[in-house]
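Participant: Sequence plus the predicted model coming up.
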Amino acid sequence: MLEKPASCPYSGAARRSQPPGTSPDPEPAVALAGGEAEVRSLAAARQVLRAGDVARQAGFGAEAASRSPLPLRPPVLWQDGEEHRRQRTAIAHFFTPAAAKERYRPLMERLADELVAEVAARGRAELSGLAMRMAVGVAAQVVGLTDSRRPGMHERIEAFIANGSARLSWDPRQLVRFVRLQKAIADYFRFDVKPAIDARRREPRDDVISELISQGRTDNDVLIEAITYGAAGMVTTREFIAMAAWHLLDDEALRRRYLGGDEGERQALLAEVIRLEPVVGRLYRRLEGDLELAQGGTLPAGARVAVDVRAANADPAAVGPQPLCLDPDRRPAAKGVQRYGLSFGDGHHRCPGSFLALEEADVFLHRLLSLPGLRLAQPPSVSFNDLVQGYELRDIWVEVAVG
């Protein structure tokens, strides 16, 4: 059983995002019930995520999309097999550590300076909104969403995320949500995606949309990719930045530790935050063949497997003692385990944007937290989004003395 921490290295640095009714305990490592399986230990979770020959993507709406009566070309997030490998290879150079530092860091710094200047000038700001603007600004450059006809792309993305689980139904509430979702997607396409497509058909650039166009993708194909980048990239990075800010603003010793470190030390601390508070709490796979686990037992073909990332990241056999404490000096206990655990996934569907997320979070937070007198005015509200299986932090108000 998971050991309840007696103390943490820092006073406020314990997990804050466990959903109601769930447990962070990695035991039992595997649970089977009918055609469903849940994997909770990090070793077993990593084995499932790396079993690309038999474990197919079943999360982020992939299975629902496969049943659509409309002909859809799946985005890279939903693909598997050779098609997925080709697509990941084609876009890999946009997401390398070198690209994060050399190509996109100047943009990150400019955006961060603008946002932090707003906080300093106004004396008060809502942090999750600033984090969303930061995340969208960086990801838009990578994807190629840089020719919008109207400002406010971050608001349009938030609109379709908020209604992302809506389905066509004659239930009045569901119908209203479904209509709102369709309008939000239509606005995103009209004001953001279509202008980017048109600009790149005239003059290709070095970004994801230009790469898709070169492959002969249709406007609808590009829209679906742009939606998944919005859901799986921009929104998750916003939550990561907001959660890290909450921890750092709420614990003065942790804040001093962060500001006193060099870039490598700061990013290691942020990696520990996202290990403790993974934005996407569950990943899903569908097995096309039996999978024999190294820890014992076999997951049967046809099973839908839920990988519990929160439990896996709290597995002391993998991440060391007191796994529910935020410890910047933590060293993983098992070979090959990253500082952030499985918070960016693993295997062939590992999140390609991990380097970008850590880089931009550090660029923004280092500038923000260096503001003299910055304080947390109130703790955020915490809720959970079914579409991305992750937490949402809102109403994170910060204040600073003006003048």
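Facilitator: All right, it came through fine.
Participant: ok, Arg217 - how many residues close by?
Facilitator: Counted with other CB atoms under 10 Å, residues neighbouring Arg217 total 18. C-beta: built from backbone N, CA, C; applies to glycine.
Participant: Point out where the chain drops to low pLDDT.
Facilitator: 1-6, 59-72, 74, 76-79, 163-175, 177, 231, 387-388, 403 (pLDDT under 70).
Participant: Do a quick rundown of the strands in the protein.
Facilitator: All strands of the chain, identified by DSSP state E, fall at 30-33, 36-39, 55-57, 124-126, 282-287, 291-292, 298-299, 304-308, 375-376, 381-385, 390-394, 397-399.
Participant: Make JSON lines out of those strands and add distance to Arg330.
Facilitator: Below are those laid out as JSON lines (distance: least, CB to CB, whole Å):
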{"stretch": "strand 30-33", "distance to Arg330": "25"}
{"stretch": "strand 36-39", "distance to Arg330": "22"}
{"stretch": "strand 55-57", "distance to Arg330": "29"}
{"stretch": "strand 124-126", "distance to Arg330": "31"}
{"stretch": "strand 282-287", "distance to Arg330": "22"}
{"stretch": "strand 291-292", "distance to Arg330": "30"}
{"stretch": "strand 298-299", "distance to Arg330": "30"}
{"stretch": "strand 304-308", "distance to Arg330": "20"}
{"stretch": "strand 375-376", "distance to Arg330": "24"}
{"stretch": "strand 381-385", "distance to Arg330": "23"}
{"stretch": "strand 390-394", "distance to Arg330": "21"}
{"stretch": "strand 397-399", "distance to Arg330": "27"}
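Participant: Compare those and report which one is nearest to His84.
Facilitator: strand 55-57 (8.4 Å; CB to CB).
Participant: and the closest one, what other elements does it pack with?
Facilitator: Contacts defined by 3 or more CB pairs under 8 Å, 6 or more residues apart in numbering; DSSP states H and E place strand 55-57 against strand 282-287.
Participant: Pull the residues that contact the strand it packs on.
Facilitator: Surrounding strand 282-287, the residues in contact under the criterion CB atoms under 8 Å, 6 or more residues apart in numbering are 48-49, 51, 54-59, 63, 299-310, 342, 345, 349, 389.
Participant: ok, of these, which come out buried?
Facilitator: Listed as buried from the contacts of strand 282-287 are 48-49, 51, 55-59, 299, 303-310, 342, 345, 349, 389; burial here means 16 or more other CB atoms under 10 Å.
Participant: between the strands of the chain, which one is nearest to Leu356?
Facilitator: The closest of the strands of the chain to Leu356 is strand 390-394. By CB to CB, the value is 17.7 Å.
Participant: quick one: buried residues of the closest one?
Facilitator: Here strand 390-394 shows Gly390, Tyr391, Glu392, Leu393 as buried, counting by 16+ other CB under 10 Å.
Participant: for those, which one is nearest Ala242?
Facilitator: Among the buried residues of strand 390-394, and counting by CB to CB, the member closest to Ala242 is Leu393, at 4.4 Å.
Participant: what bridges to the closest one?
Facilitator: Note on Leu393: beta-bridge partners by DSSP bridges are Val382.
Participant: Among the buried residues of strand 390-394, which one lies nearest to Glu109?
Facilitator: The closest of the buried residues of strand 390-394, once distances to Glu109 are taken by CB to CB, is Leu393, at 24.1 Å.
Participant: what sits against the closest one?
Facilitator: Ser128, Glu239, Ala242, Met243, Trp246, Pro380, Ser381, Val382.
Participant: Good, we can wrap up now.
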